[in-house]
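Enquirer: how would this look folded up:
(2 chains)
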Amino acid sequence: MVSAVPTKNLADWHSPSTRPEPIHELIHGVDRYNPSNLPFMEEYLNTQVREGDYDIFANLAILKLYQFNPQHSNPDIIVHILIKALSATVHGPDFNLCLGLLKEPSAIIQDIESDDESLVAIIPFLQNLHELSRTCQFTKFWKELNGESEAANAIRTRYLPQHASPLDTLRAIFSTSAAASFSRISLNQLSRWLDFSSVDETKAWCDKVGWTVQGEQAEVPKNGDNDVKAGVVKENVQLSQLSKLVAAAAY
Amino acid sequence: MADPTAFYEPSEDDLLSSLAVPVQQQYNPEADADEYRRLQELEQHAYEQGQLMAAEQEQEQLAALEQVPEDVKRFLVLFHQAILENDLPTITNMYEQGWNKLTQAHYSQNEWPEAELISPLVQNDQVFLTLYRELYFRHVYAKLQPTIDDRFQSYENICELFNYLLNSERPVPLDLPIQWLWDMLDEFVYQFSSFASWRASPKNKSEEELEALAEAQNIWSCYSVLNVLYSLIQKSQINEQLKAEKEGKTAEEVAEIAGEYGSKPLYRNLGYFSLICLLRVHVLLGDPTLALQTMEHVDLSGNAFLTRITACHVTTYYHIGCAYMALGRWPDAIKTFISVLIFFIRMKQYHTRSYQYGSITKQCERMYALLAICTTLSPGPSDESIMSIVKEHYADQLAILQRGGDEALETFKDLYLSACPKYLNVNPPPYEDPSALETHLANPPIDATQRHLDLFLSDVTAVRGVSNIRNLLKLYTSIDAGKLAAFSSEEEQEEEILQHLMVLKAASRTYGKVQGEGSLLDGDRIVTNNLDFTIDGSMVHVEETTSHRRFAGFFIRNAEHAQRVFNTIRSSPLPIQRKTATGGAGQTAGAGAGGNEKPKAAAWQPKRARVVAQ
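Expert: Got it, this is the predicted structure:
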């Protein structure tokens, strides 16, 4: 079962439970600047790609090492990190945090003196996907990703196959975004946003995320965001605020 | 004070020892031995010549020393004395008052005397001369235009100082006021960022400057700056100390954890301030998560250690706020800025002496601009007194920002550029490689600030439609999405409106730090706007949460005030009853004051009581 509910706090974001202890030590110490740790860190990223885990802080540490040692930059690793960030959250800062540590793609290629220019097209393409995703234009997002452009092709054939169920990960975060707003959603709309070609597939997905299908619509369980009630915020006075007054009255 | 002869000769190896650095050249002992012999011969030759010159130079120097004003000489001798004796109050006084007064009197337009010149006055005490040079260069940076030599020498000098502190066999018996230690590290980071942005553009550099930059790759490099800060942190065990303090360990236990160095105030304070400088460097290098992670163990409550130095307090909060902005955690950024601005306004009246007052004020101004940005992106109730200042300063901009559209984007850009940190590129242009430098000049990379501006603007554009749709929703309790689409300015389909609504939903949710819990990176999901909605199929149900006016705070404040007034009255002396010739025996002072004896009565009335009586 896939969860389509936003996480309640950031504990798992900055220290995921899947992070091994040596990695934790590494990114919290001075050793994170040591380029000889790069292979180890990159291997951890590959594990994330294979297993479908996500550890943004470790990935940022890799990009940091590239920042300081541009000659070690590895375009494939960079693309995997960006795909990871893209498929981890719709509205979070992750993708831009990665971009903040990266140079422009042509400079990266120049630094490692590589002939493979594909990065120059791929990074802007991923940036565009990120803009579409964070503005919830999911239909367009799929259209771009399934498009015929060179970058889209490279992503689909070279990179995504290495990831553990990449499309379902994207569907899960889009569903999370929808679940925050909708208490009921039409299956038709949902299949466009999640890139399903048939209603049956959409229904199966609803089943997977725990939404009940009723006729043409799916009902989303209450999650605190899609069942808001008008409230009145009342003032809450703590006893500690009154301590001086109580003390004075006790005289 | 340390024996001046024990002064540590810095070497590149020592400086880089505790931080893993890519080894650029392989160490080659044979080549080094040859080099060493050659150098020895050269030195021998130079020595003979030097003997002759030295005598002449000495004469010249003595003559130059004559030129130094008497009060400056006296000041330096006493300053040296105070530092030798670790006499903190005197050092503080001379550092904060004397130095600035003499600067004003003699050196407002030119440099202080060279360290070599004044060395006879202080018995050639190298440690003092290093400290002196630190002040000397700081003055050059603050009042004059530093040349490339100044920049290089200043770097070498400060490294010499840190090497002396870090590589001595035991803690050096030196103690300096915390203000000085903060200023020293603050200046270190300032000179680093000033150098990095100067170096970032190869244009308008003279031949010699280009040559010097090509040779001196290590000077003010990011690695060496980070190295100094991390070394100070490790030497002082400051993180372990702060952690232990948080866990409530006793002073003895903390001292044990701190070790030989960290238990000395000099090292502890340097380590502590290094954490804050590290926060700053990470923000400048575009790594906000690492910046916040650095502050993991630092206490940020109202009476934390860092609040003892205003400049440190303001800098810390400014950079934490900027890091939160990069994470899209607007409410946390707002809270951070407001808390330090309130503090600063209260402090202002007591704070006149520091020479950095101007730069602190500037940093506060920047925070008002950032507040205008943050409160537009995440509207909600915040401190009224601070917000009224924001509205006063940025009334026009706020109006444009709220209107939205392209004009607003332009204003976001201007405000951000005027108020954001001066971001830095990690890697300098390739000065060592002339052909690469030419390609660099022909095709310069995007400047770091521009890159972060673009990232910020992408955050802004992602939510640009939000305020319009929010205003529309305010008019309804429920409305069909199709109908809402008809109202929107462009020809939009229902699907697009639903997408906008999802963005609006996300824009009114974020993660916020829970007061007094967890680290700066922690946060719980919070709702940031009163207006909320649910979509049922295509029907949008709008729910607006209203908040009651808050009375309790007002009543508590005033009740406490009344209590204080009452206590004051009760503890003041009772009015003495005067028997006057004309007045009756039972006449009270109050009645007396009402009569023609008013001036006399006022003379003894206590001031406070008088205010209350009125």
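Enquirer: which strand of chain A spans the most residues?
Expert: In chain A, taking DSSP state E as the definition, the longest strand is strand A:182-186.
Enquirer: in the helix or strand following it, what's buried?
Expert: Using DSSP states H and E, the helix or strand that follows strand A:182-186 towards the C-terminus is helix A:187-194. Within helix A:187-194, the residues that qualify as buried are A:187, A:189-191, A:193-194, counting by 16 or more other C-beta atoms under 10 Å in any protein chain shown. Every C-beta, even on glycine, is put in place using the N, C-alpha and C of the backbone.
Enquirer: What about chain B: which of those touch it?
Expert: With C-beta under 8 Å from any C-beta of the partner chain as the criterion, the buried residues of helix A:187-194 include residue A:189 near chain B.
Enquirer: Just put the buried residues of helix A:187-194 in JSON lines and tack on pLDDT.
Expert: Listed next are the buried residues of helix A:187-194 as JSON lines, based on pLDDT from 0 to 100:
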{"residue": "A:187", "pLDDT": "90"}
{"residue": "A:189", "pLDDT": "89"}
{"residue": "A:190", "pLDDT": "90"}
{"residue": "A:191", "pLDDT": "91"}
{"residue": "A:193", "pLDDT": "91"}
{"residue": "A:194", "pLDDT": "91"}
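Enquirer: Pick the one among the buried residues of helix A:187-194 closest to residue B:201.
Expert: Using C-beta to C-beta, the shortest approach to residue B:201 within the buried residues of helix A:187-194 belongs to residue A:193, at 46.6 Å.
Enquirer: Contacts only, for the closest one.
Expert: Each residue near residue A:193 by C-beta atoms under 8 Å, 6 or more residues apart in numbering or on different chains is listed here: A:138-139, A:174, A:178.
Enquirer: Please report how far the most centrally placed residue in chain A lies from residue A:118.
Expert: Residue closest to the average C-alpha location in chain A (C-alpha atoms, centre = their mean): residue A:88, at 1.7 Å. Noted for residue A:88: a distance of 23 Å to residue A:118, by C-beta to C-beta, to the nearest Å.
Enquirer: got it, and residue B:291?
Expert: 33 Å.
Enquirer: So which of those two has more stuff around it?
Expert: Taking residue B:291 and residue A:118 together and counting by other C-beta atoms under 10 Å in any protein chain shown, residue B:291 has the greater number of neighbours (25 against 19).
Enquirer: what's the helix or strand for that one?
Expert: According to DSSP H and E, residue B:291 maps onto helix B:288-294.
Enquirer: Near chain A, which residues of the stretch 201-350 of chain B are found?
Expert: Neighbours of chain A within the stretch 201-350 of chain B, by C-beta under 8 Å from any C-beta: B:222-223, B:226, B:230, B:234, B:285-290, B:293, B:326-328.
Enquirer: Farthest pair within those residues?
Expert: Across these, the two members that end up farthest from each other (C-beta to C-beta) are B:234 and B:328, 32.7 Å apart.
Enquirer: which of those two has more neighbours?
Expert: residue B:328 (23 against 20).
Enquirer: Skip the chain neighbours and tell me the closest residue to that one.
Expert: What sits nearest to residue B:328 in space, not counting adjacent residues and going by C-beta to C-beta, 6 or more residues apart in numbering or on different chains, is residue A:93, at 4.8 Å.
Enquirer: give me the number of residues near the one you found?
Expert: That count, for residue A:93 with other C-beta under 10 Å as the rule, works out to 21.
Enquirer: For it, list the residues it contacts.
Expert: By C-beta under 8 Å, 6+ apart, residue A:93 lies in contact with B:326-328.
Enquirer: swap the cut-off to 10 Å and go again
Expert: Residue A:93 sits next to A:56, A:85, A:100, A:134, B:288-289, B:325-329, B:455, B:459 when contact means C-beta atoms under 10 Å, 6 or more residues apart in numbering or on different chains.
Enquirer: export the residues you listed to TSV and tack on pLDDT?
Expert: Conversion of the contacts of residue A:93 to TSV gives the following (pLDDT from 0 to 100):
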residue	pLDDT
A:56	93
A:85	94
A:100	92
A:134	92
B:288	93
B:289	93
B:325	94
B:326	93
B:327	92
B:328	91
B:329	92
B:455	93
B:459	91
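Enquirer: what stretches of the chain score poorly on pLDDT?
Expert: The chain I'm using is chain A. Chain A contains residues with pLDDT under 70 at A:1, A:251.
Enquirer: wait, chain B
Expert: Scanning chain B for pLDDT under 70 picks out B:1-36, B:38-39, B:42-43, B:46-50, B:52, B:349-355, B:489-491, B:579-614.
Enquirer: Distance check, the residue most central in space within it against chain A.
Expert: The residue lying closest to the centre of chain B (C-alpha atoms, centre = their mean) is residue B:315, at 1.8 Å. Per C-beta to the nearest C-beta, to the nearest Å, residue B:315 is found 21 Å from chain A.
Enquirer: if we can go back for a sec, with the residues of the stretch 201-350 of chain B next to chain A in mind, which one is nearest to residue A:105?
Expert: residue B:286 (16.7 Å).
Enquirer: what about the closest one, is that helix, strand or coil?
Expert: Secondary structure state of residue B:286, per DSSP: H, G, I helix; E, B strand; the rest coil, is coil.
Enquirer: Okay, and the residue nearest to it when sequence neighbours are not counted sits in which element?
Expert: What sits nearest to residue B:286 in space, not counting adjacent residues and going by C-beta to C-beta, 6+ apart, is residue A:100, at 4.3 Å. Taking DSSP H and E as the definition, one finds residue A:100 inside helix A:94-101.
Enquirer: Check which helices and strands that helix sits against.
Expert: helix A:56-68, helix A:75-86, helix A:118-134, helix B:288-294, helix B:310-326, helix B:448-462 (3 or more C-beta pairs under 10 Å, 6 or more residues apart in numbering or on different chains; DSSP states H and E).
Enquirer: okay, those helices in CSV with distance to residue B:523 next?
Expert: What follows is those, written out as CSV (distance: least, C-beta to C-beta, whole Å):
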stretch, distance to residue B:523
helix A:56-68, 14
helix A:75-86, 18
helix A:118-134, 19
helix B:288-294, 11
helix B:310-326, 10
helix B:448-462, 17
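Enquirer: Relative to residue B:528, which of the residues of the stretch 201-350 of chain B next to chain A is nearest.
Expert: Once C-beta to C-beta is applied, the member of those that ends up nearest residue B:528 is residue B:328, at 11.1 Å.
Enquirer: Can you report how many residues neighbour residue 162?
Expert: With no chain named, the answer covers chain A. Neighbours of residue A:162 (other C-beta under 10 Å): 13.
Enquirer: Actually, chain B is the one I wanted.
Expert: Per other C-beta under 10 Å, the neighbour tally for residue B:162 reads 23.
Enquirer: Now do the strands in the chain.
Expert: In the absence of a named chain, this looks at chain A. Per DSSP E, chain A carries strands over the ranges A:182-186, A:212-214, A:217-219, A:232-233.
Enquirer: was after chain B, sorry
Expert: With DSSP E as the criterion, chain B has strands at B:478-480, B:509-512, B:524-527, B:531-536, B:539-544, B:546-547.
Enquirer: Is there any residue in the fifth one that contacts chain A?
Expert: Read that as strand B:539-544. Yes - counting by C-beta under 10 Å from any C-beta of the partner chain, chain A has neighbours in strand B:539-544: B:539-544.
Enquirer: pull the CA atoms of that strand into PDB?
Expert: Coordinates of each C-alpha in strand B:539-544 appear next as PDB, following Å, rounded to 0.1, in the frame of the first residue of the first chain:
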ATOM      1  CA  MET B 539     -17.600  21.800  -5.800                       C
ATOM      2  CA  VAL B 540     -15.300  24.000  -3.700                       C
ATOM      3  CA  HIS B 541     -16.400  24.400  -0.100                       C
ATOM      4  CA  VAL B 542     -14.700  27.400   1.500                       C
ATOM      5  CA  GLU B 543     -14.000  27.500   5.200                       C
ATOM      6  CA  GLU B 544     -12.600  30.500   6.900                       C
END
